[in-house]
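> all I have is the shape, not the residue letters:
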């Protein structure tokens, strides 16, 4: 070879290259190349580049010619195929051969990479669409790869994983070829990067292929591939490998290192999407018409899955999301209305499986349009079904709190199950359920509670009726916490579970303050009468109420009530040890602020025995707590008396008022006493006396009453006159199973009256009154912090503060704002009527 | 026929015995609380001085803490001593 030195440049190329060119052609044809020939080629390229100034360009031009020639040959072979499968098969064979060689052939020509002469010609051969990007990429790789041996680390390394694995498999093939052992493309995976990937020669090969063969037949290729996919969708025989092969050629053909999938995306992916959409556009309409919407949902679901699996075979991962989008559009969105139209019926029939299917389909639709429609259907169904259910049972449930709460809970559980089974407890459906539950619970069509107001209530003329639900919930709580047949029947765990259920329902109640009020009244009765079934549970539920967000001052007051009872127990122990006379006396000293608002005190002339005790108790208390005096609340006091007659001896639980009435006969047991005389003897106010007498002549559910009256035909306590006569029933006995008992215990207290008749009317008024005060208090609290605030923001914060007690109506807020402005707590901004300013 | 009492539970609340309606410091009713408290009763007690004037405990303590030298009753200017019964 050295003799070539000194010759002119042109001669060196012309002398050396024809020989080497044969080797190049052999390589292109995949003929066997010996180790020696392979080495010669390296040497030849190096030699020409070294001694010939323009050697690199010459080699490159020559190489290009050879490659194009080869490709043209391959093209004619492919084009000769008529059948689709044959065309694809031939193309794939030719392409694979060529592609394999595109990994080896560049190796000997690495020297060209350093030559500036190669660059311009490379850009000229690039296909028009990719020219700009690929030129700069090639330029970048040329300068980057000045170290000849190291694997490419240029930015192009960041390619998709699939592209990486295909190139990685050819790396081993290249390595095998480099060692001269042969050129069969065995593919195993390695993570190494192909060193030839960015070489200009490889680029030349791929671009040439693209230009001379691919460009002409790509439509035929795509069409053929899509026909195979179509056949597969129709369940016909097919050769999946052909489609995969075509796709691979699309992916590998790209020489654009920044976007390796460009050719694939613009051609193959687009064709695939189009074919898919067309196929299912026809099929979906056909399926729906033939089999109905319900069957169609199943079809759509299965096809979506099927296509996802198919996409994994035929498409690059980058295409999955757009394919899914296309499928959802054709299979679901285009049929949205007819699918949604089935939803109400499915909810009505509790078709959880189908609903679940529908939900899964709708959940794929962007922006949740379908899901929203389903939520609306669910909400409407729960509302209407819930209300209808309540209404149909209204006769029972308005009377019986247990039945009401149980029915309500049954309803809740039913719909919660539906949301769980059909909608996987999806938060959006849980919200829809909650909104519907709220409507059912706060509905006033089954039973309502009027909240009357008085003129004293600062301009509030009337209030809207409210649901009675909180009252019934409180009643149910009372049944569980008091010693009742219900609470005796249940285990402790069952009672806990039911109390939890009550709190669950309470969450949906708007007027929680009504519950609090009734709960407190019931608790007061239980504590005064000592009828709690389990005092620990009583205190538990107070904490639970705190946990569900009941206002702290309310909960604190309940806690205070328990404290009072405990302190009173200690006091009783001390009192009894201080004197031996009063073993039968219990006192309960209450903190006035903590307990249910006590009405005005009622005077009563106590039995002499009791009159004796009272000063002792007062004296004792004064010694214990100086500066305090006791105020007796005899309408809450109660006791047990022993009633003895000719027939037997009975222990009767009675109120102090009942006691006072019965003691009137102690000295004259056979007398008939007139109403007027009883009034003088007991000193009870008229309404209290009437009520007390009525409880003794007509106590519900007992066979023999303790008092009898004359005339007997009196229907209500209002009909007592001054001259109505009362006398002891000498035949009185406790009747059990139709037999009169000689001994026994009977409770005549019933529902302990916590208030007098007049103050009972005030009860509901006071709820409204309290709301007004709470609203004012909250407004001032907010304004004190904010100083300036507009109407909308104020209302928002106000509702946030008050929602755990009640939902203030817009009207009430407005009225209270006016009241506060009028009383100079705040004022409106002079310029903006909706802006409030706090006045200190 | 004869009726005898076996046991009796008397219910009562208690009130302060004060010589005035309102606390002379905060002007709030003795039946309610000082301005700092929420629950009347044991939580916000009254105290008496030897001069027989009576205040919310919280109010008079606050007042006394504000007097650097002579701890005086705010009503009668006699030096303040708690009347412990």
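Sure thing, it's come through. Model, not experiment: these values are computed from the prediction.
> when you work out contacts or count neighbours from here on, use the C-alpha atoms and nothing else.
Noted.
> confidence score at residue A:760?
On pLDDT, residue A:760 comes in at 55.
> same check on residue A:512?
89.
> and it, how close does it get to residue A:441?
12 Å (C-alpha to C-alpha, to the nearest Å).
> name the residues of chain B found near chain A, please.
By the rule C-alpha under 8 Å from any C-alpha of the partner chain, the part of chain B lying against chain A is B:1-18, B:38-42, B:85.
> residue A:344: what secondary structure?
The local conformation at residue A:344, judged by DSSP: H, G, I helix; E, B strand; the rest coil, is helix.
> and it, how many neighbours?
Residue A:344 has 17 neighbouring residues, counting by other C-alpha atoms under 10 Å in any protein chain shown.
> partner strands of the biggest strand by length in chain B, parallel or antiparallel?
The single longest strand within chain B, with elements called by DSSP state E, is strand B:2-16. Paired neighbours of strand B:2-16 in the sheet (DSSP bridges): strand A:585-590 (parallel), strand A:628-632 (antiparallel), strand A:638-644 (antiparallel).
> after that strand, next one along is what?
strand B:46-48 (DSSP states H and E).
> helices or strands up against that next one?
strand B:54-56 (3 or more C-alpha pairs under 8 Å, 6 or more residues apart in numbering or on different chains; DSSP states H and E).
> just checking, what packs against the strand it packs on?
Checked by 3+ C-alpha pairs under 8 Å, 6+ apart, strand B:54-56 has strand B:46-48 packed alongside it.
> the strand it packs on pairs with which strands?
strand B:54-56 (antiparallel).
> just how off-centre is the strand it pairs with within its chain?
5 Å (C-alpha atoms, centre = their mean, to the nearest Å).
> which bits of chain A sit near chain B?
So chain A meets chain B at A:528, A:553, A:557, A:584-594, A:609, A:626-634, A:636-646, A:662-663, A:666, A:669, A:730 (C-alpha under 8 Å from any C-alpha).
> mind checking which of these are buried?
A:528, A:557, A:585-594, A:627-634, A:636-645, A:662-663, A:669, A:730 (16 or more other C-alpha atoms under 10 Å in any protein chain shown).
> ok, now which ones touch residue A:374?
For residue A:374, the contact set (C-alpha atoms under 8 Å, 6 or more residues apart in numbering or on different chains) comprises A:340, A:343, A:359.
> burial measure for residue A:836, as a count.
22.
> can you list the weak-confidence ranges in the chain?
No chain specified, so I'll use chain A. For chain A, the stretches with pLDDT under 70 are A:1-11, A:111, A:113-199, A:237-238, A:240, A:254-259, A:446-464, A:580-582, A:596-600, A:755-764.
> let's do chain B instead
B:85.
> work out which residue lies at the spatial centre of it.
Centroid-nearest residue in chain B: residue B:46, 1.7 Å away (criterion: C-alpha atoms, centre = their mean).
> report the beta-bridge partners for that residue.
Assigned bridge partners for residue B:46, using DSSP bridges, are residue B:56.
> let me know whether it touches residue B:57 as I believe.
Yes - using C-alpha atoms under 8 Å, residue B:46 is in contact with residue B:57, at 5.2 Å.
> my guess is residue A:722 is in a helix, correct?
No - using three-state DSSP, the assignment for residue A:722 is coil, not a helix.
> what's the local residue count around it?
12.
> thought it was touching residue A:675?
Yes - using C-alpha under 8 Å, residue A:722 makes contact with residue A:675 at a distance of 5.0 Å.
> next, count neighbours for the residue lying closest to residue A:443 once chain neighbours are set aside.
Spatial nearest neighbour of residue A:443, chain neighbours left out: residue A:467 (5.7 Å); criterion: C-alpha to C-alpha, 6 or more residues apart in numbering or on different chains. Counted with other C-alpha under 10 Å, the neighbours of residue A:467 add up to 23.
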